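Q: Sequence and predicted model, in that order:
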Number of protein chains: 2
Amino acid sequence: MERKKADCPALPPGWKKEEVIRKSGMSAGKSDVYYYSPTGKKFRSKPQLSRYLGNSVDLGCFDFRTGKMMPSKMQKNKQRLRSDNLSLSKGKPDLNTALPIRQTASIFKQPVTKVVNHPNNKVKTDLQRATEQPRQVPPSLRVCRSSLNDSDVSWDGVPLTNINLFHIRREEKPGLIDRPGQSLHPALLLFLLREQELKVHQARRSLEEALMADGLARAAESRRDTQGRAA
Amino acid sequence: MERKKADCPALPPGWKKEEVIRKSGMSAGKSDVYYYSPTGKKFRSKPQLSRYLGNSVDLGCFDFRTGKMMPSKMQKNKQRLRSDNLSLSKGKPDLNTALPIRQTASIFKQPVTKVVNHPNNKVKTDLQRATEQPRQVPPSLRVCRSSLNDSDVSWDGVPLTNINLFHIRREEKPGLIDRPGQSLHPALLLFLLREQELKVHQARRSLEEALMADGLARAAESRRDTQGRAA
DNA sequence: CGGAGTGAAGTT
DNA sequence: AACTTCACTCCG
C-alpha cells in the first residue's frame, strides 16, 4: 500500500522505510520493504540492517516488514552452522563422498530469450543467434501454432506469441504432430508454457482478492454452504 | 547427506529425487526432499506432487521422504480438510485448485454448462443477455472480456469461452474494474480459471511425454545446472 | 522478481 | 514431539 519513503519511529531519527509492490510475475502483489539510513544507504533485509546497526540498536523484536517492534516476537537462538558433526548425530552413515565438480553442461545453450515487454506493445527480438545451431529440434516435437499475434517473443526471427500450447496433442507417444504442425524448439515450448502458468497463477490471485473484497469468500466454496450456524 | 539428484524408480521415468540437508538455523541438520519432473519443475511436498500427477499415478502408498512405495502405508483419504478451516475462519476464499478432484459440478446452482467444442469455430459475442439476469453479481467483480471466440462453455444458454481471465486487474482492492469491463458471475470465473489450469496442466504433461520420448528431458532444463559432483 | 533456504503453523 | 506442508525472507 505504501509507495514512498516514510519515517520509521521504531528506528533512530532519520531512518526511512519504503514499501514497493511487485507488479508482475508469480509474486505480483507482494511487496518488498526497504529501509534507508539517514545518509541514504539502502537496506533490504533484517540481517543486513542488524549488521549495520550493530549493538547500538536491538532488533530482536523488530519486525522488518511492518517496521514496528513486536514484543511478542522473541528471538530464537539459532543453532550455529555446524556442518561437522551433523552426520554423526544419528541416522545413516554418510557414504557420500561428495567432491564438487563443475559440469557446466547446459545441453542446449539458451535458445529462448525473454524480452521484457512494455505492458502493451511489440518488441523486436533476436533469438537467431541462439538458434543458428544446426537443428537439434526433434522432428517429432511439434505443436500447433494457431493464434499467432502480438509478439514479445520470437524464435528464429519469427515472432511467436499466444502460440496455443493447448493444442498439443498427446495422441501418439513418439511425438506431437499437429495437423498444421510446425516444429518448435523444446525450450521454447517450456518457456511459453511457463508463461501460461504464470498468467493462470496471477488470475487466480486476482480472483481471490476480488472475492475477498466483495465478501464473497463463502460463495466460492464448493461445499454445502448452508449449514445453519448461529452467530 | 545426499546432495544430488537421483532417479526415482517409484515414479515415471525422468523424475528425479533430491535430498538437501539444512545447514543453518533452528532446523539445521534436518533435510528437505524435492522431486523434479522431466521438465525440471520442482516439487516440495506430496500434496503438490499429487496435485500435479493427478490420477495418472496413485501416490497413496508413496512415501515422499524415501521416494519409495510403502505397501504398509494404506492411503488414508485426507483429502482437503484444511481448506475448510481456512476459508471459514479468516483466510482467503477457497479457490481450491486441486486437479484430481472432480468438482466441476455445482458450485452454485448450475450457472455454467460445459459443452463439447469444435476445435475451431466462431461465436457471436453477445453476453448482454446473460448479464441482464437478476444481479447476484457484485458490481465490483468485473473482468475484461476481450477475446471471446470459440465456444465450449456456455452460461445460462449463452456461449462463453476464451474470456480472457488474464486481464483481470488487481489495481484497486475494492474491485476489479476493467475498462471495457463487464460483470460476470463469480462462479463462472472460478470455472473458467479452473479450466485454464487444467489445460496448462495437460499441456505440461504432454510436453514432458514428448520430451521424454525424444530423450530431451534434460535438454529442457533452463536452469543453470552448473553444479555437479564427482564420481 | 525468482527461488533456495528457513520458519513456523498445522497434522498425526 | 516430530513430521509435513507451505509462507516468507533474503539476496542474486
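A: Great, that's in hand. Numbering: from 1, shown residues only, chains lettered A, B, ... in the order given.

Q: contacts, neighbours, all on C-alpha from now
A: Noted.

Q: tell me the angle the lengthiest helix in chain A makes with helix B:186-213.
A: As assigned by DSSP state H, the longest helix anywhere in chain A is helix A:186-213. Counting by axes from the mean of the first three to the mean of the last three C-alpha atoms, to 10 degrees, helix A:186-213 lies at 160 degrees to helix B:186-213.

Q: Tell me how many other residues crowd the residue in chain A positioned nearest to DNA strand C.
A: Among all residues of chain A, residue A:22 sits closest to DNA strand C, at 2.6 Å; criterion: C-alpha to the nearest atom of the strand. Using other C-alpha atoms under 10 Å in any protein chain shown, the number of residues around residue A:22 comes to 13.

Q: What of residue A:187?
A: Applying other C-alpha under 10 Å, we find 22 residues neighbouring residue A:187.

Q: What does the pLDDT read for the nearest residue to residue A:29 once chain neighbours are set aside?
A: Leaving aside its sequence neighbours, residue A:29 sits nearest to residue A:22 (C-alpha to C-alpha, 6 or more residues apart in numbering or on different chains; 5.3 Å). Turning to residue A:22, the model gives it a pLDDT of 93.

Q: OK, contacts around the residue of chain A closest to DNA strand C?
A: For residue A:22, the contacting residues are A:28, A:29, A:30, A:31, A:32, by C-alpha atoms under 8 Å, 6 or more residues apart in numbering or on different chains.

Q: mind checking the SS state of the residue nearest to residue A:23 when sequence neighbours are not counted?
A: Excluding its sequence neighbours, the residue lying closest to residue A:23 (C-alpha to C-alpha, 6+ apart) is residue A:29, at 6.1 Å. The three-state assignment at residue A:29 reads coil, by DSSP: H, G, I helix; E, B strand; the rest coil.

Q: Next, give phi and psi for residue A:72.
A: Main-chain torsions, residue A:72, degrees, to the nearest 10: phi -70, psi -30.

Q: coming back round to it: surely the residue nearest to residue A:23 and residue A:21 touch.
A: Yes. Assessed by C-alpha atoms under 8 Å, residue A:29 is found in contact with residue A:21 at 5.9 Å.

Q: The two - which one has more neighbours?
A: Using other C-alpha under 10 Å as the criterion, residue A:29 and residue A:21 rank with residue A:29 on top: 18 against 15.

Q: ok so, going back, would you mind measuring from the residue of chain A closest to DNA strand C to residue B:53?
A: 31 Å (C-alpha to C-alpha, to the nearest Å).

Q: And residue A:33, by the same measure?
A: Applying C-alpha to C-alpha, the value for residue A:33 to residue B:53 is 37 Å.

Q: Over to residue A:73?
A: Using C-alpha to C-alpha, one obtains 39 Å as the distance from residue A:73 to residue B:53.

Q: The two: which is more packed in?
A: For residue A:73 versus residue B:53, the count of surrounding residues by other C-alpha under 10 Å is larger for residue B:53: 20 against 11.

Q: circling back to that earlier point, compare the contacts of residue A:22 and tell me which is most surrounded.
A: In terms of neighbours by other C-alpha under 10 Å, the contacts of residue A:22 top out with residue A:29 at 18 neighbours.

Q: Pop out the phi and psi values for that one.
A: Phi and psi for residue A:29, reported as degrees, to the nearest 10, are phi 100, psi -20.

Q: Pick out the residue of chain A closest to DNA strand D.
A: residue A:45 (3.9 Å).

Q: Was I right to think that residue contacts residue A:64?
A: Yes. If you go by C-alpha under 8 Å, residue A:45 and residue A:64 touch, sitting 7.2 Å apart.

Q: what sits in contact with each of the two?
A: The contact sets of residue A:45 and residue A:64 overlap at residue A:33 (C-alpha under 8 Å, 6+ apart).

Q: neighbour-wise, which of these two wins?
A: Legend: neighbour count by other C-alpha under 10 Å for residue A:45 and residue A:64, higher for residue A:64 (19 against 14).

Q: Find the nearest non-adjacent residue to that one, please.
A: Here the residue nearest residue A:64, using C-alpha to C-alpha, 6+ apart, is residue A:46, at 5.9 Å.

Q: And for the one you found, the neighbour number?
A: Neighbourhood size, residue A:46 [other C-alpha under 10 Å]: 18.

Q: wait, it sits on residue A:65?
A: No. The criterion here is C-alpha under 8 Å, and residue A:46 misses it with residue A:65 at 9.0 Å.

Q: Columns pLDDT on top of the contacts of residue A:22, output as a markdown table?
A: Output for these, formatted as a markdown table (pLDDT from 0 to 100):
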| residue | pLDDT |
| --- | --- |
| A:28 | 86 |
| A:29 | 86 |
| A:30 | 92 |
| A:31 | 96 |
| A:32 | 97 |
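
Q: wait, which of the residues you listed is closest to chain B?
A: residue A:29 (7.8 Å; C-alpha to the nearest C-alpha).

Q: Residue A:10 touches residue A:64, doesn't it?
A: No. Residue A:10 sits out of contact with residue A:64 when judged by C-alpha under 8 Å, with a separation of 10.3 Å.

Q: Tell me the residues on chain A that lie near DNA strand C, please.
A: Proximity of chain A to DNA strand C (C-alpha under 7 Å from any atom of the strand) is limited to residues A:21, A:22, A:23, A:24, A:25, A:26, A:27, A:28, A:31, A:76, A:78.

Q: and which of these is nearest to residue B:60?
A: Of all those, residue A:26 has the smallest distance to residue B:60: 29.9 Å, by C-alpha to C-alpha.

Q: That closest one is in contact with residue A:200, isn't it?
A: No. At 9.6 Å, residue A:26 and residue A:200 do not qualify as touching, with contact defined as C-alpha under 8 Å.

Q: So between those two, which is more surrounded?
A: Of the pair residue A:26 and residue A:200, residue A:200 is the one with more neighbours under other C-alpha under 10 Å, namely 21 against 15.

Q: what about residue A:43, how many neighbours?
A: With other C-alpha under 10 Å as criterion, residue A:43 counts 17.

Q: for it, phi and psi?
A: Torsion angles, degrees, to the nearest 10, at residue A:43: phi -120, psi 130.
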